[in-house]
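[1] got a structure for you, letters missing:
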């Protein structure tokens, strides 16, 4: 692609800046000229009514006004436009931050999200998103922008704001952008025409001489007889820089630009790079310059932190055809069927107005002398309408007859119906999707039917989500530079308080949640983050859906009222729902509310309980072993006693056996002794007998 800026001076001198800005302004304006006219016509058409007549071509409107012919405007386009815009308002995108590397953490990502929510609420960003959506859907594009301003008149702390741009035609951006969100734009203008007297009062040091009428064209509108153009001019410049990959103790690399290093870091890089151990490469670093150009002079200038022009574009349908921008919303497609409807409804009214309004036809002789009856017959019908049945000669006079009432022309009615159907076909929003009665009776089925109709306009929601995501990237890039002092942000959402402490100290990001309060501490600017936009219902819609869902759950499982009843009533929006929720909360066990020990304490308690359980098991085993030992000892003692008794018994038996043996021996000895004595006696007796 040929760069149309090749012949523009690239110096930093203010005169060069003005010359470069004017040439770029003309390039962008010429490229957008056709769209600008169509945008104006589309915006007039969508708000057309019977008073302004914007939906009627000028020639036809003048002709009908001169001829006093009906010229009705039944603006059905406005309803199709509102259907899309209001759906977008109910499904506003929200910015989501995810850590992606270089020291980024989940806690810091949550802190960024909280600060961005704070910025959106303080600046009422939703109104900026809604206003851009109105222009986007109707005319094809809308804008908002991010600005920084001082918190107070006598302070030095700044804060970020998201501001709407009330008129998209006050913006011109680089026509060579390739990304839908305009993140690759090299320049942009936000401008306005200021009356000469107001300009002289605002800028008394600037010499502005109104030009003559014949030089207005050559001057390209920057200074005219009545106005002076005051433009905020954003310009992105590429600055050559060195990027270093510095090894870290954990084996990773920290990627740093030479231009943003501290003196200590630069000294370290010089010493280390002398040994050829650092990886480095040339990069083109982006700088965003802001100029305020009033007529022919630059009256203000500053360097904007970040690498993006903080002007966010929200296009509708956008194509490049034959080198020209074709950009539009929904209105362009509805113009012809809307005109058909207006033409035919006006023709239908005109057709009926031209028909006779006299309800009766009667011969003069039939009502002669009875005019008072017939004069008020249209307004106060009498019980009887008399008429003269015969004339003076006795001849019969025809009776008065009622004329047929005015009739509508079927052709016009059919054409109106066809036009209405064509508008539905063009927009994709049929009666059922826009709230008309349909065959669906269940709430879920009705919502599904509406969602099907919304698919035809989802590209508008998708473009807005991309713009909101780009806004998040702009804010993430600006927050470390704007909030460069110790700050505390307090965000309240659904009764939950989030406090974010932004510090410049080298601390690790942390997050602590206690009951209904979350405390985040982080240092802005550390790490890389991915930004996305989550599209969904707005808070009011989500709250109603939450109430409906939790009510259905509790109906099916009433016991859950003791677990989640307070949450259910916090989602309700009827009076005193919060008081009911607070009373129910007092009846819920502290453990369910998170009022118990912290996760670390719970983990330690679990470990302690496990150790106590193991100790109990060990003690039980010791007791069992003790009992077993005791039982075994008893058994051994019994066995020993039994053995001793057995031994004693055996010994006793042996003694008895010895005793019995001795007794037997003694008896035997006694017997032998007795026998011997007897023998001796016998022998003595024999000797004695012989002696005698």
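    Everything's here; your move. Because the structure is a prediction, the values reported are computed rather than measured.

[2] excluding its backbone neighbours, what's nearest residue 34?
    residue 324 (6.3 Å; CB to CB, 6 or more residues apart in numbering). C-beta: built from backbone N, CA, C; applies to glycine.

[3] Tell me who's in contact with residue 374.
    When contacts are counted by CB atoms under 8 Å, 6 or more residues apart in numbering, residue 374 touches 360, 362, 367, 385, 400.

[4] now with 7 Å?
    Neighbouring residues of residue 374 by CB atoms under 7 Å, 6 or more residues apart in numbering: 360, 367, 385.

[5] and it, what pLDDT?
    On pLDDT, residue 374 comes in at 82.

[6] Would you mind stating the distance between it and residue 382?
    The gap separating residue 374 from residue 382 is 9 Å, by CB to CB, to the nearest Å.

[7] Kindly report the same for residue 121.
    Here residue 121 is placed at a distance of 71 Å from residue 382 (CB to CB).

[8] ok so, going back, just the buried residues from the contacts of residue 374, in ChimeraX please.
    Per 16 or more other CB atoms under 10 Å, the buried members of those correspond to this ChimeraX selection:
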select :367
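
[9] In helices, which of the contacts of residue 374 fall?
    The helices, defined by DSSP state H, take in nothing from the contacts of residue 374.

[10] just the contacts of residue 374 now: which is nearest residue 138?
    residue 360 (51.7 Å; CB to CB).

[11] how far away is the closest one from residue 260?
    Residue 360 is 95 Å from residue 260, by CB to CB.

[12] Next: residue 27.
    Look at residue 27 and residue 260: by CB to CB, they are 33 Å apart.

[13] How about residue 95?
    Using CB to CB, one gets 25 Å for the distance from residue 95 to residue 260.

[14] TSV for the contacts of residue 374, including distance to residue 353 and pLDDT?
    Converted to TSV, the contacts of residue 374 look like this (distance: CB to CB, whole Å; pLDDT from 0 to 100):
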residue	distance to residue 353	pLDDT
360	20	78
367	27	87
385	27	84
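
[15] Got phi/psi on the residue nearest to residue 34?
    phi -110, psi 150 (degrees, to the nearest 10).

[16] on contacts alone, who are the packing partners of the biggest strand by length in the chain?
    Taking DSSP state E as the criterion, the chain has its longest strand at strand 227-247. When contacts are defined as 3 or more CB pairs under 7 Å, 6 or more residues apart in numbering; DSSP states H and E, strand 227-247 packs onto strand 187-195, helix 196-202, strand 253-257, strand 279-294.

[17] That one: which residues count as buried?
    Neighbour-count burial for strand 227-247 [16+ other CB under 10 Å]: 227-236, 242, 244, 246.

[18] Looking at the residues you listed, which has the smallest pLDDT value?
    Across the set of those, residue 246 stands lowest in pLDDT, at 78.

[19] Run through the bridge partners of that one.
    Applying DSSP bridges to residue 246 gives these bridge partners: residue 254.

[20] Distance check, it against residue 269.
    Distance of residue 246 to residue 269, given as CB to CB: 7 Å.

[21] what sits in contact with each of the two?
    Taking CB under 7 Å, 6+ apart as the criterion, residue 246 and residue 269 both touch residue 278.

[22] Looks like residue 347 contacts residue 412 (just checking).
    Yes - counting by CB atoms under 7 Å, residue 412 is a contact partner of residue 347 at 5.2 Å.

[23] the more surrounded of residue 27 and residue 260?
    Using other CB atoms under 10 Å as the criterion, residue 27 and residue 260 rank with residue 27 on top: 18 against 10.

[24] how would you label that one: helix, strand or coil?
    Three-state assignment for residue 27 (DSSP: H, G, I helix; E, B strand; the rest coil): helix.

[25] how near is residue 238 to residue 490?
    Relative to residue 490, and taking CB to CB, residue 238 is found at 40 Å.

[26] The residue lying closest to residue 427 once chain neighbours are set aside: what's it in contact with?
    In this structure, residue 427 finds its nearest non-sequential neighbour in residue 80, 4.6 Å apart by CB to CB, 6+ apart. For residue 80, the contacting residues are 330, 334, 423, 427, 429, by CB under 7 Å, 6+ apart.

[27] immediately after the strand or helix carrying residue 80, which helix or strand?
    Counting by DSSP states H and E, the element that carries residue 80 is helix 77-90. With elements assigned by DSSP H and E, the helix or strand that comes after helix 77-90 is strand 93-101.

[28] Who does that following strand pair with, and is each partner parallel or antiparallel?
    Strand pairing for strand 93-101, determined by DSSP bridges: strand 528-535 (antiparallel).

[29] Going by neighbour count, list what's buried in the strand it pairs with.
    With burial defined by 16+ other CB under 10 Å, the residues of strand 528-535 counted as buried are 529, 530, 531, 532, 533, 535.

[30] If we only consider these, which is nearest to residue 462?
    Comparing the buried residues of strand 528-535 against residue 462 with CB to CB places residue 535 closest, at 7.9 Å.

[31] distance of the closest one from residue 15?
    On the measure of CB to CB, residue 535 and residue 15 end up 47 Å apart.

[32] Equivalent analysis for residue 508, please.
    For residue 508 relative to residue 15 (CB to CB), the value is 50 Å.

[33] Same check on residue 671?
    From residue 671 to residue 15 the distance is 165 Å (CB to CB).

[34] Next: residue 521.
    49 Å.

[35] And the two? Which one has more around it.
    residue 521 (19 against 12).

[36] Output the contacting helices and strands for the helix or strand where that one lies.
    Using DSSP H and E, the element containing residue 521 is strand 517-522. Strand 517-522 sits against helix 106-122, strand 496-502, strand 510-514, with contacts defined as 3+ CB pairs under 7 Å, 6+ apart.

[37] Okay, now the sheet partners of that strand, with direction.
    strand 496-502 (parallel), strand 510-514 (antiparallel).

[38] thinking again about what came up before, test my guess that the residue nearest to residue 34 contacts residue 32.
    No - between residue 324 and residue 32 there is no contact under CB under 7 Å: 9.9 Å.

[39] before we move on, the earlier item: now flag whichever of the buried residues of strand 528-535 is closest to residue 188.
    residue 531 (20.3 Å).

[40] Distance check, the closest one against residue 609.
    Distance of residue 531 to residue 609, computed by CB to CB: 44 Å.

[41] just for the stretch 151-300 of the chain, where's the confidence low?
    207-219, 273-277 (pLDDT under 70).

[42] In contact with residue 285, which residues?
    Counting by CB under 7 Å, 6+ apart, residue 285 touches 239, 241, 257, 259.

[43] beta partners of it?
    The partner residues for residue 285, given DSSP bridges, come to residue 239.

[44] Show me the contact partners of the helix or strand encompassing residue 59.
    Assigned by DSSP H and E, residue 59 belongs to helix 58-67. Identification of contacts with helix 58-67 by CB under 7 Å, 6+ apart yields 53, 71.

[45] residue ranges of the helices in the stretch 301-450 of the chain, please?
    331-353, 371-375, 410-427, 443-454 (DSSP state H, counting those that start in this stretch).

[46] Of all the residues in the second one, which ones are buried?
    In this case it means helix 371-375. Within helix 371-375, the residues that count as buried by 16+ other CB under 10 Å are residue 374.

[47] Nothing else from me, thank you.
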